[in-house]
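> Mind folding the following:
(2 chains)
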Amino acid sequence: MRRRALLATLGGALVLLVAGVAIGRPYLTKQRDYPASVPQPPSVVAIHLVAMKPRQVICLHDAVMDTHSQRALFQVETYGKPTVPLRFTLTGEGYRAAVNVPASSYKDEAIINLPVPAATRSSGPA
Amino acid sequence: MSTLSRDDTSSHASPGASSSGVRRRRRPNVSPVLLALLVVAAIEALAWIVVMPPLEGPDEISHFAYTERMVETRSIPFYPGGIPSHPGHSTSTETNAAAVYGGILAESRNPFARPPGSQLSVELWRRQPARTDRAARADGGFASAMVSPPLYYAYASLPYLATYPLDFFDREFAMRLANIPLLLVLVALTWAIAGMLLPQRSLQVLATAAVALNPQLTHLAAVVNPDLFLATIWAAFFYLAILVVTRGPTRGRLTGIAGLTVASCLTHGRGIAIVVPAAFVFALAWWRWRRPGRRAVVAFVAATSAAVLAAAYIALRYATLGPPTASSTRQFVSYLWQFYLPKLSFMAPSFRPDWTVRDAFIDRFYGTFAQLEVYFSPGVMTLLARLTLAAVVLALVGLFIRLRSVRFRSTALWVLAVFVVAAVAYLLDMHVAAYRSLAAGDGDPVVTGRYLLPLITTYGLGIALAVSCLPRRLAGVAGGLVLGGLAVLQLSAMGIVVERFYA
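Next up, the predicted model:
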């Protein structure tokens, strides 16, 4: 009886061990970005295009940034045309950061993932 | 299945003690294994409660709104007829503000969104006037949950009242915590049922562990929702029904069954199905212990046949939205067939050919969480479907072997009949509601995995029976492997929920 209980325990432990190595390890070591604010989901119906000329600026208001924000993610589509250099700027109360994005560092439709300095205090819509 | 096993011997051995008139207070003798399983279940539920963001459970906002309106307006907002003429806003101003500033609306169907966790988010919420305005709690209108009876919401109003002066999120958290006692009762009842029906302690442990480790059960224990409440009522019903069948009816047992039947009907529309197995148990008690005369039996059979025919007619009329015809009855039967089995060549396509037993009872039972946007990969679901099929076949073999070897075979068969009648009545109840919804063109297939929870004790017993049919030497190791697999399933489910909301 004791031997059977021991075998059962060993069987259960074996399953947990195998699952820990096969599932748990890659799950825990996977590189991830942890969103610090609510990302925009992809459009379900239609995308409203904002055509940009050279040196033109577009702004997104009411973005939230907190002290954990270390990366900025956004998508740029050139619709088959060659990629161009971009300048990404973040401005808030007591905070300003700018990152240059070389044309060679991204591809059409790719999500651009930029490092940005963490803010010393959170900022968002008033 | 061996009825009158370990637990029964104690009661059968002790009539002398009770007849002597000496009432000795018995020490509660709780097995350490059961205690360990209860601790595990409590920890799991607590972990799920913490991990699940507020109001992110299935229809949780609607269930919260029901309780909130019940407490704040001192009324029972039960609308069995459906949407009232002036439904108003489905949630109160306070709940709506919490949904906005708690990120619930942002997370809804946006798999990229995460719950707000910064100090800034907390400050934004604290600035909301609805947070402290009591009138903002009471202005909610009709929510979809309000078509259900109020018993669970009366229960949920207790933690709501206990935390009444506190913030929205504190009250919601307290309502979730109130599910833990329900889960523990359900696990303990499974232990008691398995103790009466299974011949070995190891199988009793396995059956109970299967229930305690079921991820859908712990998921539902972590959200404001009546499904766990209903499942606990059904588990208690099965426990009392087995006692009646194996040890005979007592006033307490029959009153308990009657009370649980009423409670189930007052908890959810699906709970009405309990009337069928309850009537079956009452009839069985009358038949087996009263030994009625021939005339009474003939009258009973005639009345039962008439009742079954009338119930079938009413169910069909309800499902098919009109008086049943040969064509509509055939369509309903075809829908039932195609839900469980592949379509035959002469059958017309069902309303929802994409919604079958695999989708509803495998994918949605084992691995669909939160607002249905968290699920295992198709490969994992297919593996679980195959393992389930294998377990069902093995469980049937195990059941057959038990029935052949059991000492009181007729009693065991009656116990089995209780489970079969209850499962068939419950599933048919769901399918009738589903067919009505599909026939009306709503497109909602109604049937889903978490609705199987009232039959969760059967799931635990089935897994134990599946292992029991293996040779003795293998059964021990197999039990351990199954237990390990169930633990992996629970941890993996928690893992995908954590990844969805926090990674």
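> Please count neighbours and contacts with C-alpha atoms only from this point.
Will do.
> Okay, domains of chain A per the record?
Here the domain parsing of chain A from automatic domain parsing is A:1-30, A:35-126.
> Those domains: which one's closest to chain B?
Of all the domains of chain A, domain A:1-30 sits nearest to chain B, with 3.9 Å by Cα to the nearest Cα.
> Show me what counts as buried in that closest one.
Neighbour counts over domain A:1-30 (16 or more other Cα atoms under 10 Å in any protein chain shown) mark A:4, A:7-16, A:19, A:24 as buried.
> Over to stretch B:491-501?
B:491, B:492, B:493, B:494, B:495, B:496, B:497, B:500, B:501.
> any idea how far residue B:380 is from the third one?
Relative to residue B:380, residue B:493 is positioned 11 Å away (criterion: Cα to Cα, to the nearest Å).
> what's the answer for residue B:245, then?
According to Cα to Cα, residue B:245 stands 40 Å off from residue B:380.
> more crowded one of those two?
Remark: of residue B:245 and residue B:380, residue B:245 carries more neighbours, 22 against 14, as counted by other Cα atoms under 10 Å in any protein chain shown.
> surely the more buried one meets residue B:285?
Yes - with contact defined as Cα atoms under 8 Å, residue B:245 counts as touching residue B:285 (7.0 Å).
> what residues are up against the spatially most central residue of chain A?
The residue lying closest to the centre of chain A (Cα atoms, centre = their mean) is residue A:33, at 4.5 Å. For residue A:33, the contact set (Cα atoms under 8 Å, 6 or more residues apart in numbering or on different chains) comprises residue B:503.
> Confirm it sits in a helix?
No - counting by DSSP: H, G, I helix; E, B strand; the rest coil, residue A:33 is not part of a helix but coil.
> what are the phi and psi angles of it?
Residue A:33 adopts backbone torsions of phi -100, psi 130, taken as degrees, to the nearest 10.
> gap between it and residue B:502?
In this view, residue A:33 and residue B:502 are 10 Å apart by Cα to Cα.
> likewise residue B:280?
Residue B:280 sits 49 Å away from residue B:502, going by Cα to Cα.
> show me what contacts residue B:417?
With contact set as Cα under 8 Å, 6+ apart, residue B:417 has no partners.
> For it, pull up the helix or strand it's in.
Assigned by DSSP states H and E, residue B:417 falls within helix B:409-439.
> so for that helix, what's the average pLDDT?
For helix B:409-439, the mean pLDDT works out to 95.
> Need the residues that contact the helix or strand just after it.
From helix B:409-439 onward toward the C-terminus, using DSSP H and E, the following helix or strand is helix B:456-468. Outside helix B:456-468, the residues within contact range by Cα under 8 Å, 6+ apart are B:190, B:194, B:203-204, B:206-211, B:231, B:235, B:391-399, B:419, B:475, B:478-479.
> so which of these are also by chain A?
Among the contacts of helix B:456-468, proximity to chain A is found for B:478, B:479 (Cα under 8 Å from any Cα of the partner chain).
> If any of the contacts of helix B:456-468 are buried, put those into a ChimeraX selection.
The ChimeraX selection below is limited to those of the contacts of helix B:456-468 classed as buried (16+ other Cα under 10 Å):
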select /B:190,194,203,204,206,207,208,209,210,211,231,235,391,392,394,395,397,398,399,419,475,478,479
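> Enumerate every residue touching the nearest residue to residue B:398 once chain neighbours are set aside.
Excluding the flanking residues, the one nearest residue B:398 by Cα to Cα, 6 or more residues apart in numbering or on different chains is residue B:469, at 4.4 Å. Residue B:469 sits next to B:394, B:395, B:397, B:398, B:401, B:475 when contact means Cα under 8 Å, 6+ apart.
> quick one, phi psi at residue B:469?
phi -80, psi -10.
> and the lowest-mean-pLDDT helix or strand in chain A, which strands flank it?
The helix or strand of chain A with the poorest confidence is strand A:71-75; it has a mean of 85 (mean pLDDT, DSSP states H and E). Here strand A:71-75 has these sheet partners by DSSP bridges: strand A:111-115 (antiparallel).
> what separates the partner strand from the chain centre, distance-wise?
Relative to its chain's centre, strand A:111-115 lies at 7 Å (Cα atoms, centre = their mean, to the nearest Å).
> Kindly indicate whether residue A:100 is helix, strand or coil.
Under three-state DSSP, residue A:100 falls in the strand class.
> give me the number of residues near the residue lying closest to it once chain neighbours are set aside?
Distance criterion Cα to Cα, 6+ apart; nearest residue to residue A:100, sequence neighbours excluded, is residue A:87 at 4.6 Å. Per other Cα under 10 Å, the neighbour tally for residue A:87 reads 11.
> from what I can see, residue A:87 looks like it's in a strand, true?
Yes - counting by three-state DSSP, one finds residue A:87 located in a strand.
> Just the pLDDT for it.
Residue A:87 is assigned a pLDDT of 93 by the prediction.
> how about the nearest residue to residue A:86, chain neighbours excluded?
Here the residue nearest residue A:86, using Cα to Cα, 6+ apart, is residue A:101, at 4.9 Å.
> Tell me who's in contact with the one you found.
Applying Cα under 8 Å, 6+ apart, we find residue A:101 in contact with A:85, A:86, A:87, A:88.
> Provide the contact partners of stretch A:75-90 at residue level.
Under Cα under 8 Å, 6+ apart, the answer for stretch A:75-90 is A:96-104, A:106-112.
> Spatially nearest residue to residue B:418 (excluding sequence neighbours)?
Nearest non-adjacent residue to residue B:418, counting by Cα to Cα, 6+ apart: residue B:277, 6.3 Å away.
> got the contact list for the helix or strand hosting that neighbour?
Assigned by DSSP H and E, residue B:277 belongs to helix B:275-290. Helix B:275-290 has contacts (Cα under 8 Å, 6+ apart) with B:241, B:244-245, B:248-249, B:254, B:257-258, B:261, B:292, B:418, B:421-422, B:425.
> At the geometric centre of chain B, which residue sits there?
When Cα atoms, centre = their mean is applied to chain B, the residue found nearest the centroid is residue B:453 (2.5 Å).
> Domain boundaries for chain B, per the record?
Residue ranges for each domain of chain B read B:61-177, B:180-502, as given by automatic domain parsing.
> quick one, which of those domains is nearest to residue B:40?
domain B:180-502 (7.6 Å; Cα to Cα).
> Endpoints of the closest one, how far apart?
This stretch, domain B:180-502, spans 24 Å end to end (Cα to Cα).
> what's the answer for stretch B:446-460, then?
Terminal residues of stretch B:446-460 lie 24 Å apart, using Cα to Cα.
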